[in-house]
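> sequence? don't have it. structure:
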């Protein structure tokens with residue numbers, strides 16, 4: 001050993017000191033964890049869809065409707081929103097200056113809030129209350145219980161209050177209230193919504209409706225599809241919008257399947273086809289841990305589209321899934337006089353008459369440019385078409401009609417003797433204005449394919465557009481659905497009957513020769529065939 005070397009001895013550490021340090025470390029960790037648990041909302045990390053919903057609600061919008069599948073965190077989103085309303089700030093979102101972002105309610109505390117749910121014992125007690133307690137900071141509020149033992153009344157230190165109610169309470173209790181915010185977890189009845197709306201009107205309050213839309217179809221018509229300026233809709237979500245759930249199942253699948261097979265498996269989950277999952281070879285002990293597969297097998301078949309894809313149950317089987325209002329609906333414009341225009345008639349004996357007007361431009365794009373939805377007799381139908389042609393100076397020389405119009409007089413023959421059918425009456429009046437009438441095609445399946453192709457277009461470039469003023473067309477295309485036997489239902493289909501027949505009509509722009517009437521005979525033969 002070199003002479004200058006030294007042996008340095010490490011001082012002995014008493015085992016009691018080591019134990020003491022370890023205990024202090026554990027106490028510190030427990031203290032940190034407790035602090036996080038007691039103030040969880042400060043540490044909330046929203047899923048991408050929750051972040052998007054939060055950002056879209058932080059505007060002038062007064063109503064937000066979240067139509068979501070199960071298991072993606074919609075109740076957590078609602079609870080965090082409500083707690084932030086009560087406290088005045090999004091405690092999970094800091095601004096550049098270090099302060100917290102204001103809540104989406106846009107009102108400083110104290111505020112009055114209501115939460116509604118389906119029942120006390122299951123929904124309120126087992127879902128909403130635990131979620132509120134998970135996110136609301138401990139020490140910021142006190143609660144009172146009702147006769148069922150449920151903490152229905154919450155009072156915050158800043159004066160804000162939350163009252164929790166169920167949908168089976170007397171409707172009068174919802175009508176006299178005035179407040180600033182309402183969170184409805186799961187769909188409320190229409191009369192409850194109306195009462196709560198009145199209670200929020202004078203204060204400029206907000207509504208948040210989070211739901212798996214299995215019931216209350218009125219929400220679809222009045223809010224989701226209504227295109228209201230004060231409503232923001234969060235839809236198009238799937239069970240995959242829970243990234244934690246997706247990562248859990250994906251990790252199990254990747255242990256046993258090739259990457260392409262993992263994607264094929266997940267595709268079958270969204271196809272709602274549990275029977276096809278058995279072909280993927282996964283050991284039983286791991287298959288038993290696949291959460292989405294188990295859930296898919298346990299859900300009734302008719303509820304799978306709603307519980308996995310967030311679809312309104314009343315819209316399961318939607319025909320025109322390709323329709324996107326912000327793409328296919330365009331602002332009204334004056335139709336050029338050289339565009340060929342065709343009128344379509346869906347004749348009814350007991351309902352309003354449905355008349356649609358359709359045009360084609362030079363590149364071959366199709367437009368719904370007008371409509372009539374009124375109670376009219378056959379002469380009134382013809383006159384409405386003639387007026388539309390003259391009013392807008394259109395090149396309208398052809399029209400088609402429901403083929404059944406040729407025989408619609410049969411039911412009155414026994415009482416009134418021989419009478420003309422609607423087809424003949426309309427044909428004669430239109431001919432006086434230079435408009436030829438033919439019977440429309442009955443090839444509905446081909447017509448539907450044409451509509452869907454036009455809405456999406458080749459390479460996702462649509463070729464079918466609807467002017468914003470054509471509200472009945474827009475109303476129907478968002479609600480037209482298949483029946484259980486994959487036959488289009490006979491409701492919300494009147495303008496759609498016209499539209500599909502138009503796509504089979506063969507309307508084309510021709511430079512210098514665009515008189516539709518000159519091709520009517522050939523089209524008529526094709527339609528009848």
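That came through fine. Bear in mind that the values here come from a model prediction, so they are computed numbers and not experimental data. Numbers count the residues shown, from 1 in each chain.

> which SS state does residue 114 fall under?
Put simply, residue 114 is strand when judged by DSSP: H, G, I helix; E, B strand; the rest coil.

> now do the same contact list for it.
Residues near residue 114 by CB atoms under 8 Å, 6 or more residues apart in numbering: 162, 163, 164, 165, 177, 179, 181, 182, 183, 196. (Each C-beta comes from the backbone N, C-alpha and C, glycine too.)

> dump those residues into TSV; add neighbour count, secondary structure and distance to residue 353 as well.
Formatted as TSV, the contacts of residue 114 follow (neighbours: other CB atoms under 10 Å; DSSP: H, G, I helix; E, B strand; the rest coil; distance: CB to CB, whole Å):
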residue	neighbour count	secondary structure	distance to residue 353
162	26	strand	52
163	15	strand	50
164	23	strand	50
165	21	strand	46
177	16	coil	44
179	17	coil	46
181	26	strand	45
182	27	strand	41
183	25	strand	44
196	22	helix	38
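
> which residues in the stretch 201-350 of the chain form strands?
Using DSSP state E, counting those that start in this stretch, the strands of the stretch 201-350 of the chain run over residues 206-211, 231-234, 329-330, 340-346.

> and among those strands, the most buried is which?
With neighbours defined as mean count of other CB atoms under 10 Å, these peak in mean count at strand 340-346, which reaches a mean of 26.

> where in the stretch 351-500 of the chain is pLDDT low?
Low-confidence segments of the stretch 351-500 of the chain, defined by pLDDT under 70: 407-419, 484-485.

> where do the helices sit along it?
378-391, 413-416, 422-431, 444-456, 471-477, 494-503 (DSSP state H, counting those that start in this stretch).

> next: the stretch 1-150 of the chain.
Here the stretch 1-150 of the chain has its helices, by DSSP H, counting those that start in this stretch, at 15-38, 48-57, 74-87, 129-135.

> can you list the neighbours in contact with the shortest one?
With CB under 8 Å, 6+ apart as the contact definition, helix 129-135 has outside contacts at 40-41, 44, 75-76, 78-80, 82-83, 150-151, 154, 162, 164.

> tabulate the helices of the stretch 1-150 of the chain (a markdown table), appending mean neighbour count and distance to residue 310.
Output for the helices of the stretch 1-150 of the chain, formatted as a markdown table (neighbours: other CB atoms under 10 Å; distance: least, CB to CB, whole Å):
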| stretch | mean neighbour count | distance to residue 310 |
| --- | --- | --- |
| helix 15-38 | 10 | 31 |
| helix 48-57 | 17 | 10 |
| helix 74-87 | 25 | 9 |
| helix 129-135 | 18 | 19 |
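
> which of those helices sits closest to residue 338?
For residue 338, the closest of these is helix 48-57, at 42.3 Å, according to CB to CB.

> can you name the two of the contacts of helix 129-135 that are farthest apart?
For the contacts of helix 129-135, the farthest-apart pair by CB to CB is 44 and 150; their separation is 24.6 Å.

> a markdown table for the helices of the stretch 1-150 of the chain, including mean pLDDT?
Below are these laid out as a markdown table (pLDDT from 0 to 100):
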| stretch | mean pLDDT |
| --- | --- |
| helix 15-38 | 70 |
| helix 48-57 | 96 |
| helix 74-87 | 97 |
| helix 129-135 | 97 |
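
> could you dump those helices to CSV with distance to residue 461?
Shown next, in CSV, are these (distance: least, CB to CB, whole Å):
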stretch, distance to residue 461
helix 15-38, 50
helix 48-57, 26
helix 74-87, 34
helix 129-135, 44
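
> so which of those helices comes closest to residue 430?
helix 48-57 (48.4 Å).

> tell me the angle of the closest one relative to helix 74-87?
With axes from the mean of the first three to the mean of the last three CA atoms, to 10 degrees defining the directions, helix 48-57 sits at 40 degrees from helix 74-87.

> good, we can wrap up now.
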